[in-house]
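Asker: My questions are about this predicted structure, shown below with the sequence.
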Amino acid sequence: MLSCLRLQDITGFEVIVVTNTPELFQDFAPFERLKIISFSQANIAKARNLGIAAAQGDFVAFCDDDALPDPGWLRRITMPFADQKMGGTGGYTRGRNGINPQWAAVITDVLAQENRIDLSKETLFEPDPKTCPVMIGTNCAFRKSALRHIGGFDENFAYYLDDSDISLRLSQAGWRLAVLPNCQVHHSFAASAIRRKNRAPKTLEPLGKSKAYFCRKHGRPDGIDMALQHFRDGQFKRLEQHFLLGEVSSVQLSELKKTLETGFGKGMELPVAKPEQQRMPTRFATPQTSPSNALHIVLAGREKNARLLEEKAQALVEQGFRVSVIYLGLSPKYMQVGFCDHGFWQHHGGQFGKIERSEPLWKWQRFKTKVFDECQRIAKTRVIDFVAFLEPGRFDASLLPQTFGMSSLNGYKVLDDSLFWRPKGNN
């Protein structure tokens, strides 16, 4: 995640890491402005408040340690704050394969009953006391003075619904919220104290506790029992799916159901917190960002030449370029997207396979056509400056930006063969 932040297309931001393993970052210094805050409690809301208190800027953006932000993420997620009444923004989240959507827009009410909607463009939501969009915790940003206005995150939400609570309170306090579909992160669920890597839960107590507490805090008493029953039904259905997949045993299934009830009980007993609020701010900052001068180059080649592609990509990253690599095999493999430790994005699939999962299982197409289809898709979230095709023995390792001899294709530049490819044996 930190390596991805190095590739953002703006500069000048500070990075704050709130972690229970500060020793891991002693030799990791990719940013001039990097702060490490040691924090060992299992309380995400309190961790967020610590980060906010340490932040020097007027806006704070949040991303998880098991998520990868696209290069344009920070620029896109802060742009709506040019509106002085904008309190929070949130983007979309893709799943572990880098293609499938994991979270789109989520609308919540005062009983934390969620309704998912899919938006195609940036959407502004006016303040509303009863419903609001959720600024999903792994991909969100806030005006810091707006958070101070409402007293920050409620630390009774140690896990789950902290983002729903802060979004609803901002909306109730008169702040606008925005959902940005093209502001994206890639999120793969990491194993933790409450879930396994396959997302099978180890306990449902934190979820039950937060759900019951949220309902008591925001909802009417006569609606709480029905809301908790609806939540119980949904969680039991999820457990049964894990059981049918062999990921949870019958004994574990029974015990997990008990942990949910324990959580409900604890949530019903928690005293409702009243965070210390401040007055509505009188000064409304606007985002002041500086664009990065690094160009984004897409390298494309055959799967059999993966090693060559990776070597050239790493060399370009070391020269300060942002790089995405597309390798295609002669197969119907689905496209997968990931991030390499050497600092570049990897798009790997078959020439005849799916990109979007709604496409046909097999689609005959030329190699370059498939590459440009993938470039069209990623250009929505990453500005592409150049697309270059590699063949062994025909790549100029001293690639430099060119302004001549190029043709424009789909909004970005494609290096002509005469400039980029070299016949074998040429110096």
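Answerer: Sure, I can see it.
Asker: before we move on, which element is the residue lying closest to Val317 once chain neighbours are set aside in?
Answerer: Excluding the flanking residues, the one nearest Val317 by Cβ to Cβ, 6 or more residues apart in numbering is Gly343, at 4.3 Å. All C-beta spots, glycine's among them, are computed from the backbone N, C-alpha and C. Assessed by DSSP states H and E, Gly343 sits outside every helix and strand.
Asker: Let me see the contact set for Ser324.
Answerer: The contact partners of Ser324, by Cβ atoms under 8 Å, 6 or more residues apart in numbering, come to 296-299, 344-347, 378, 382, 384.
Asker: for it, phi and psi?
Answerer: phi -120, psi 140 (degrees, to the nearest 10).
Asker: now it: how far from Arg382?
Answerer: 7 Å (Cβ to Cβ, to the nearest Å).
Asker: now do Pro291
Answerer: Taking Cβ to Cβ, one finds Pro291 at 14 Å from Arg382.
Asker: Which one's more surrounded, the two?
Answerer: Remark: of Pro291 and Arg382, Arg382 carries more neighbours, 21 against 11, as counted by other Cβ atoms under 10 Å.
Asker: so which helix or strand takes in that one?
Answerer: Per DSSP H and E, Arg382 falls between elements, in no helix or strand.
Asker: which strands and helices sit next to the host helix or strand of Lys237?
Answerer: Taking DSSP H and E as the criterion, Lys237 maps to helix 221-244. Judged by 3 or more Cβ pairs under 8 Å, 6 or more residues apart in numbering; DSSP states H and E, helix 221-244 is in contact with helix 205-218, helix 250-269.
Asker: Mind jotting down where the strands sit in the stretch 51-200 of the chain?
Answerer: If DSSP state E, counting those that start in this stretch is used as the criterion, the strands of the stretch 51-200 of the chain fall at 59-63, 67-69, 86-94, 101-103, 105-109, 114-117, 123-125, 131-133, 139-143, 176-187.
Asker: Quickly, which of those strands bottoms out on average pLDDT?
Answerer: Note on the strands of the stretch 51-200 of the chain: strand 101-103 shows the lowest mean pLDDT, a mean of 86.
Asker: So which bits of that one are buried?
Answerer: By neighbour count with 16 or more other Cβ atoms under 10 Å, strand 101-103 contains the buried residues 102-103.
Asker: How about stretch 113-123?
Answerer: In stretch 113-123, counting by 16+ other Cβ under 10 Å, buried: 113, 122.
Asker: Same check on stretch 170-180?
Answerer: So stretch 170-180, judged by 16+ other Cβ under 10 Å, has buried residues 170-173, 175-180.
Asker: Contacts for that stretch, please.
Answerer: Counting by Cβ under 8 Å, 6+ apart, residues outside stretch 170-180 touching it are 76-77, 80, 83, 85-92, 105, 119, 122-129, 131-133, 135, 142-143, 146, 149-150, 167, 280.
Asker: circling back: buried deepest among the helices and strands packed on helix 221-244, which one?
Answerer: helix 205-218 (a mean of 24; mean count of other Cβ atoms under 10 Å).
Asker: And the contacts of it?
Answerer: Outside helix 205-218, the residues that reach it (Cβ under 8 Å, 6+ apart) are 110-112, 154, 156-162, 164-165, 168, 194, 201, 223-224, 227-228, 231, 235, 259-268, 270, 272.
Asker: okay, now Leu2: neighbour count?
Answerer: Neighbours of Leu2 using other Cβ under 10 Å come to 14.
Asker: From Cys63, how far off is it?
Answerer: Distance of Leu2 to Cys63, computed by Cβ to Cβ: 10 Å.
Asker: cool, and Arg283?
Answerer: Taken as Cβ to Cβ, the span from Arg283 to Cys63 is 27 Å.
Asker: same thing with Pro281?
Answerer: From Pro281 to Cys63 the distance is 25 Å (Cβ to Cβ).
Asker: For this structure, which segments count as helices?
Answerer: 2-6, 44-54, 73-78, 144-150, 162-172, 205-218, 221-244, 250-269, 306-318, 367-378, 417-420 (DSSP state H).
Asker: domains of this structure?
Answerer: 2-269, 294-420 (automatic domain parsing).
Asker: measure the longest one end to end?
Answerer: Right, domain 2-269. This stretch, domain 2-269, spans 39 Å end to end (Cα to Cα, to the nearest Å).
Asker: list the buried ones in stretch 316-323?
Answerer: 316-317, 321-323.
Asker: brain fart, stretch 293-300
Answerer: 294-300.
Asker: Same question for stretch 225-232.
Answerer: Buried-residue list, stretch 225-232, by 16+ other Cβ under 10 Å: 227-228, 231-232.
Asker: For that stretch, output the C-alpha coordinates as PDB.
Answerer: Coordinates of each C-alpha in stretch 225-232 appear next as PDB, following Å, rounded to 0.1, in the frame of the first residue of the first chain:
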ATOM      1  CA  ASP A 225     -35.400  -5.700  17.600                       C
ATOM      2  CA  MET A 226     -36.500  -6.000  13.900                       C
ATOM      3  CA  ALA A 227     -33.200  -4.500  12.700                       C
ATOM      4  CA  LEU A 228     -31.200  -6.900  14.800                       C
ATOM      5  CA  GLN A 229     -33.200  -9.900  13.600                       C
ATOM      6  CA  HIS A 230     -32.700  -8.900  10.000                       C
ATOM      7  CA  PHE A 231     -28.900  -8.600  10.700                       C
ATOM      8  CA  ARG A 232     -29.000 -12.000  12.500                       C
END
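Asker: Return the distance of it from the chain's centre.
Answerer: Centre-to-centre, stretch 225-232 and its host chain are 29 Å apart (Cα atoms, centre = their mean, to the nearest Å).
Asker: who touches it?
Answerer: By Cβ under 8 Å, 6+ apart, stretch 225-232 touches 111-113, 208, 211-212, 215, 219, 260, 264.
Asker: Give me the average confidence score over that stretch.
Answerer: Averaging pLDDT along stretch 225-232 yields 96.
Asker: Same check on stretch 147-164?
Answerer: pLDDT averaged over stretch 147-164 gives 95.
Asker: That one: how far from the chain's middle?
Answerer: 19 Å.
Asker: quick thing: my sequence starts at 33, can you match it?
Answerer: New numbering, starting at 33: the last item is stretch 179-196.
Asker: Please put the alpha-carbon coordinates of it into PDB.
Answerer: C-alpha atoms of stretch 179-196 as PDB (Å, rounded to 0.1, in the frame of the first residue of the first chain):
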ATOM      1  CA  LEU A 179     -14.500  15.900  11.700                       C
ATOM      2  CA  ARG A 180     -13.700  18.300  14.500                       C
ATOM      3  CA  HIS A 181     -17.100  19.800  14.100                       C
ATOM      4  CA  ILE A 182     -18.800  16.500  15.000                       C
ATOM      5  CA  GLY A 183     -16.200  15.300  17.500                       C
ATOM      6  CA  GLY A 184     -14.300  12.800  15.400                       C
ATOM      7  CA  PHE A 185     -14.900   9.000  15.200                       C
ATOM      8  CA  ASP A 186     -16.900   7.400  18.000                       C
ATOM      9  CA  GLU A 187     -14.400   5.100  19.700                       C
ATOM     10  CA  ASN A 188     -17.200   2.700  20.800                       C
ATOM     11  CA  PHE A 189     -17.000   1.400  17.300                       C
ATOM     12  CA  ALA A 190     -13.900  -0.600  17.800                       C
ATOM     13  CA  TYR A 191     -14.600  -2.500  14.600                       C
ATOM     14  CA  TYR A 192     -17.400  -2.300  12.000                       C
ATOM     15  CA  LEU A 193     -19.800   0.600  11.300                       C
ATOM     16  CA  ASP A 194     -17.300   3.300  12.300                       C
ATOM     17  CA  ASP A 195     -17.500   4.500   8.800                       C
ATOM     18  CA  SER A 196     -21.400   4.400   8.700                       C
END
